[in-house]
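Chemist: I'd like to go over a predicted model; first the sequence, then the structure.
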Amino acid sequence: MYDAPNAQDNKERLISLKEASELYGFDHRYLATLARKGRLKAQKIAGAWLTTPQNVENFIGSRQNRGAYRDDIQLD
């Protein structure tokens, strides 16, 4: 019997920025700003920004410690 991968574990599934904000602790408006500026890989579909958990983790890994840097958000 084939076990489909759990959707929660799939880093390539599309999620809304609201869901990303709940998963990773960022404000969804901040993530939308990052998407508009091209710092977070995301796409706007039918008026809603969508990204993947992998894209959010890539952004977290690329952040530099400057400005209002939050050191409580790190990848495990």
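Modeler: Yep, it's here. Residues are numbered from 1 along each chain as shown.

Chemist: drop to CA atoms for contacts and neighbour counts, all remaining ones
Modeler: Fine.

Chemist: any idea how many residues pack against Thr51?
Modeler: Thr51: 22 surrounding residues under other Cα atoms under 10 Å.

Chemist: just Asp27 next, same as before
Modeler: The criterion is other Cα under 10 Å. On that basis, Asp27 has 13 neighbouring residues.

Chemist: and it, how far is that from Gly38?
Modeler: The gap separating Asp27 from Gly38 is 17 Å, by Cα to Cα, to the nearest Å.

Chemist: cool, and Ile60?
Modeler: 14 Å.

Chemist: Ala32 now?
Modeler: Computed with Cα to Cα, the distance linking Ala32 and Gly38 is 10 Å.

Chemist: please identify which of those two sits among more neighbours.
Modeler: Between Ala32 and Gly38, counted using other Cα under 10 Å, Ala32 has the larger neighbour count: 20 against 11.

Chemist: quick one: which helix or strand includes that one?
Modeler: Using DSSP states H and E, Ala32 sits in helix 28-37.

Chemist: ok, and what's touching whichever helix or strand comes after that helix?
Modeler: As assigned by DSSP H and E, the chain's next helix or strand after helix 28-37 is strand 43-45. Under the contact criterion Cα atoms under 8 Å, 6 or more residues apart in numbering, strand 43-45 has outside partners Ala35, Trp49, Leu50, Thr51.

Chemist: dump those into CSV; add secondary structure, distance to Leu17 and pLDDT as well.
Modeler: As requested, those are exported to CSV (DSSP: H, G, I helix; E, B strand; the rest coil; distance: Cα to Cα, whole Å; pLDDT from 0 to 100):
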residue, secondary structure, distance to Leu17, pLDDT
Ala35, helix, 9, 97
Trp49, strand, 6, 96
Leu50, strand, 6, 97
Thr51, strand, 7, 97
